[in-house]
Each structure stands twice: as C-alpha cells, then as structure tokens.
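> need a structure here:
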Amino acid sequence: MQIEQIYTGCLAQGAYYITSNGEGAIIDPLRETQPYLDRLERDNVKLKYIFETHFHADFVSGHVDLSKQTSAPIIYGPNATCEFDCISATDGQIFELGDIKIKVLHTPGHTMESATYLLIDEKGKEHAVFSGDTLFIGDVGRPDLAQKSASMTQEELAAMLFHSLRNKIMTLPDDVIVYPAHGAGSACGKNMSKETVSTLGEQKATNYALRADMTEAEFITEVTDGLLPPPAYFGMNVAMNKKGYNSFENVLNLGMRSLTPAAFEAAAEDTGALLLDTRKNGDFAKGFIPQSINIGIDGDFAPWVGALVADVNQPILIICEIGQEEETVTRLSRVGFDNLIGHLEGGFEAWSKLGKETDTVHRITAEEFATQVKIGESKIIDIRKESEYSAEHVEDSYSKPLANINQWIIDVNPKEHFFLHCAGGYRSMIAASILEARGFRNFTEIEGGFNAISKTSLPKTDFVCQSKVLK
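Model prediction:
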C-alpha cells in the first residue's frame, strides 16, 4: 500500500494518490490530469476509482477529464447529484482497492454530500481518513457555503457538522492519520494549520472544534464566528464541478495562442477582455500596459484572481514572463477561468520596444515613506487582512483589506493623496493596478510593505479604532 499527498501550495489543496497491488485511487484531483496519468503509467497501476469528498467551491476538480481518460468511475458521498456519470455512494459503503478497503463515511455539514473516506489497510486496521473539508488540521470546514443549495441556515449546517465529527470521525482510534483537502491559506476554513497531515489523537488534543467538553451550541457559535463572505467564484466552481466543464486541453490550447502586440491590442478592443499581467510586482511598477491588472504568478495567484474577478466567464488576455504561459493558463483553469483569448507574444518587452503606450506605479521604499509621511496628517491605507492589521500597523492608518476593494474604493477621494501598503508588496500592487485602471493616480505604493516599514522608526500600534473611515 502506498499513500501520497500531492499538495498544491498556491491553492493550499491536497489531492491523494493511493495504490495497492496494482490498483489505484485518486482523491480530489486537480484539473490538469496528465501528471496523474504519467504517474499511473510509471507505476504500472490501473486507476480503479476517483473519489470526490464533495463538490468543491475553491477549485475545479479534474474528475470529469480523468474519468474519460481512464474509465474509472467518479464516486461521491450520499446526496450527490451530477450531470455526468457518477456513483453517489451510501453511508458505510466499502470499495475494495487491491488489498485494502475504502469505506464511505457520510459527514454532512460543510456540504450535504460531504464524505470522509476511511482507509482500512491489508490487516483490517483503520489506518487513515481523507477528510475533505469536514476536518482540517486545526480547524473544520465552514458551514455557510451550502446554505442556498441545502435550504438551511449556516447554524443548521454547523449542527450537522458537529454530529458528523463526533459520531463518524471522533469515534475512530487516535492513531488514525488525518489527510485533509486543504491547509493554511484556503478560504474553506478560518484557522487552518500550516501542517497538512496529523493524527486524530493530535486533533482531539489541539483542534478547538474537537474539544471533548464542547456543546453543540458552543460549536455552532465558534465555527460560525468571524466567517468572511466567500469569494465570488465559489458558486461558479461548484456549478462546474456538478455539471462538467470544457476539457483542460482545450482551455490550454486557447491560452497558449500567441498574439503579436498588434493582434493583442486588437483583441483587447474587440472583446473587452481583462488584461491580466502576472509579472513580479516590482517589474509591473516600472512599466505596464494601461488598464492591465497585476496579480503575480509567484504569489497566491489563482485565489486572488477568483476573489477579485467577479465572473469566471470574463474574457482574459495574458501578459506574463516568457516561458510562464502554460503555468499561468493552468492556474487560471484550476479556478474555472476558461475564457482565455491568448497571451502577448514576447511579453511586455515586445510591447514596450514598439513604443506603445505604457504606464507606471509611483512606488517608494519604506525608508522614503518614513521621511515623507506625516502621522496624523497623511492618509495611509493598509490593505492586509484585518487580523494582520490588528496585530500591528502604522499608527493612524486605515484598515481596508484587498478582498474588499470593490466596497472601499468608492470612499477614496481621488483628489487627496494617500499611501498604500500590504505586508510585502504583492497585494498592494494588485490594489495599485486596480486603482489606476479606475482612474486613481494620486497615491504612492510602498515597496516591501509592512515587513519593510516595521524596520523603520515610524510609530506602530495594535490599537484598532473601529470608527476610522476613509472619508
């Protein structure tokens, strides 16, 4: 028996590759399937099952393509209704894989069809659970994402999750290994650990939601407290996972179309496409195509595209470093952005060499910021998460998280200069590009963000003034 966690950091997502005696199973595969096919061929393993822990909201699974390519059936937990061939398993149903067994544990609460898969090894021992979004390391799945489809409140779903955890998972032996679908950084939970594997005993001892003395009412309160609104693309990804989607190969072919600067410019005018620049924030600041939005491929690229671009059907034109075209297309497809027109041949350099119009972002160092800013007089916008801001921030700065930019941007006075920063420069350049695309010019972005600012003599505080507004 072999179990391999295939973890994708930019999505904070774990897929699982399991083999036993020449037969294999994959749990929660990513959309691009070729790496799985190559692995199966290399190991001389036949894929017998594709298990899905639930209808994912934060990424598009590779289940449909992988099933077509291998003829392996797609298996969901009870209550799953697909618009393609799939097996909606019964609670307790067992699937044999080589010399091992995989048992379905129906664990609703995150979603109604959520299932945890219990692996029983060759000796009949309960060895591991693949807990999907039911149980994370240090956290549990948020119970608000399935409200509409389930016609239930988040409190009612949280109550179901409470009983799923206690009746189906916490009754298992403490040495059972826990393999979750996500780790820290995923929007599917609140307080996930950076660790991606644990044991049930460790989680009973450390996970706030598994406290032995916790009542149902306490669980509901704690699990639902502080939930942020889910990203706009979540619902659209669920629909794609239920209904099926365009094959990844077709999407890849679209995005890999190379457009000369003239063709790129014409396509932008004809389609109204979003110009998505995936270069490093420092390079973008020095020069970019007007109206383009910078979301760097080297950061949490796919989640930020999903959070900030409201419609997965939005046409997209790509500007990236030469050689990063396929990686960019792959990451966009993982979150359902399939309407790709193509990419700029030769990248931004080809555009600028022709003397075409470019723009820049006014960026200064943290040291320059420290000499120019006047605490109490200058306007400083901190776009980190509220939790980051609460831990420490520049005195008298405003907390305006990037995820909420479409709400707070209307309160910005375009005639009044402001400074803009995040933690390191990645998110603030996203915000700067959005601001410039919408006509805001009177601002300065801080290179290195708060990480660099914290090393200056500027006064910092953890005091939060809830009454501060931009106007």
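> geometric centre of this structure: which residue is closest?
The centroid of the chain falls nearest to Pro303 when counting by CA atoms, centre = their mean (3.8 Å).
> ok, that residue - contacts?
For Pro303, the contact set (CB atoms under 8 Å, 6 or more residues apart in numbering) comprises Cys10, Leu11, Asp58, Gly185, Ala187, Pro231, Val335. Quick note: C-beta positions are derived from backbone N, CA and C, even for glycine.
> want to try a markdown table for the residues you listed, with pLDDT as columns?
What follows is those, written out as a markdown table (pLDDT from 0 to 100):
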| residue | pLDDT |
| --- | --- |
| Cys10 | 85 |
| Leu11 | 89 |
| Asp58 | 93 |
| Gly185 | 81 |
| Ala187 | 80 |
| Pro231 | 84 |
| Val335 | 95 |
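> filter these to the buried ones?
Cys10, Leu11, Asp58, Ala187, Pro231, Val335 (16 or more other CB atoms under 10 Å).
> how close does the first one get to Phe450?
When distances are taken as CB to CB, to the nearest Å, Cys10 and Phe450 turn out to be 22 Å apart.
> wait, Leu332 touches Ala302, no?
Yes. Counting by CB atoms under 8 Å, Leu332 does reach Ala302; the two are 6.9 Å apart.
> tell me where the model's unsure across the chain.
147-150, 464-471 (pLDDT under 70).
> does Leu276 count as helix, strand or coil?
Under DSSP: H, G, I helix; E, B strand; the rest coil, the three-state class of Leu276 is strand.
> from Phe248, how far off is it?
From Leu276 over to Phe248 (counting by CB to CB), the distance is 19 Å.
> kindly report the same for Ile75.
Applying CB to CB to Ile75 and Phe248 gives a distance of 21 Å.
> Ala302 now?
From Ala302 over to Phe248 the distance is 14 Å, taken as CB to CB.
> who's more crowded, the two?
The neighbour comparison of Ala302 against Phe248 (other CB atoms under 10 Å) goes to Ala302, with 26 against 23.
> confirm for me that that one is in contact with Val335.
Yes. Contact criterion CB under 8 Å: Ala302 and Val335 qualify, at 4.6 Å.
> next, the closest residue to Arg257 other than its chain neighbours: secondary structure please.
The shortest distance from Arg257 to any non-neighbouring residue, by CB to CB, 6 or more residues apart in numbering, is to Gly342 (3.5 Å). Three-state assignment for Gly342 (three-state DSSP): strand.
> how about Glu321?
coil.
> in contact with it, which residues?
Neighbour list for Glu321: Thr278, Arg279, Ile297, Gly347 [criterion: CB under 8 Å, 6+ apart].
> if we use 6 Å, what do you get?
Glu321 makes contact with Arg279 under the criterion CB atoms under 6 Å, 6 or more residues apart in numbering.
> do the same with Asn451
Taking CB under 6 Å, 6+ apart as the test, what Asn451 contacts is Ala423, Gly424.
> what about it, which SS state?
Going by three-state DSSP: Asn451 is helix.
> how much space between it and Phe337?
Asn451 sits 30 Å away from Phe337, going by CB to CB.
> leaving aside the residues next to it on the chain, what's closest to Asn313?
Nearest to Asn313 is Asn339, by CB to CB, 6+ apart, at 5.4 Å.
> let me redo that: Ile100
Per CB to CB, 6+ apart, closest to Ile100 is Ser20, 4.6 Å.
> now swap in Tyr179 and tell me
Once flanking residues are discounted, Tyr179 sits nearest to Phe130: 4.9 Å by CB to CB, 6+ apart.
> what helix or strand is that neighbour on?
Using DSSP states H and E, Phe130 sits within strand 126-132.
> I'd like to check what contacts that strand. Which residues are they?
In contact with strand 126-132 (CB under 6 Å, 6+ apart) are residues 16, 27, 53-54, 114, 116-121, 172-173, 176-181.
> report the buried members of those residues.
So, by 16+ other CB under 10 Å, the buried ones in the contacts of strand 126-132 are 16, 27, 53-54, 114, 116-120, 172, 176-181.
> which of these fall within helices?
The members of these all map outside helices under DSSP state H.
> quick one: the strands in the stretch 101-250 of the chain, in order.
Taking DSSP state E, counting those that start in this stretch, the strands of the stretch 101-250 of the chain run over residues 115-120, 126-132, 177-180, 198-199.
> quick one on the thing from earlier: my guess is the residue nearest to Arg257 contacts Thr260, does it?
No. Applying CB atoms under 6 Å as the test, Gly342 and Thr260 come out as separate, 10.2 Å apart.
> higher neighbour count, these two?
Gly342 (20 against 14).
> check contacts around Leu11.
Phe59, Ala302.
> where does it sit, in terms of helix or strand?
Assigned by DSSP H and E, Leu11 belongs to no helix or strand.
> tell me the domain boundaries of this structure?
Following automatic domain parsing, the chain resolves into domains at 2-235, 246-353, 363-461.
> leaving out chain neighbours, which residue sits closest to Leu15?
Slight slip there: residue 15 is Ala, not Leu. Excluding the flanking residues, the one nearest Ala15 by CB to CB, 6+ apart is Ile6, at 4.6 Å.
> give me the phi and psi for that neighbour.
Ile6 adopts backbone torsions of phi -110, psi 100, taken as degrees, to the nearest 10.
> same question, the one 5 residues further on
Listed backbone geometry of Leu11 is phi -110, psi 0, with angles given as degrees, to the nearest 10.
> any idea how far Phe59 is from Tyr36?
Distance from Tyr36 to Phe59, by CB to CB: 15 Å.
> of those two, who's got more company?
Between Tyr36 and Phe59, counted using other CB under 10 Å, the more crowded position is Phe59 (30 against 23).
> Arg334 is in contact with that one, correct?
Yes. Contact criterion CB under 6 Å: Phe59 and Arg334 qualify, at 5.1 Å.
> for the helix or strand where Glu96 lies, which strands pair with it and how are they oriented?
Here Glu96, judged by DSSP H and E, is contained in strand 94-97. Strand 94-97 has the following strand partners under DSSP bridges: strand 100-106 (antiparallel).
> quick revisit: tell me which of the strands of the stretch 101-250 of the chain lies nearest to Glu445.
Among the strands of the stretch 101-250 of the chain, the nearest to Glu445 by CB to CB is strand 177-180 (36.0 Å).
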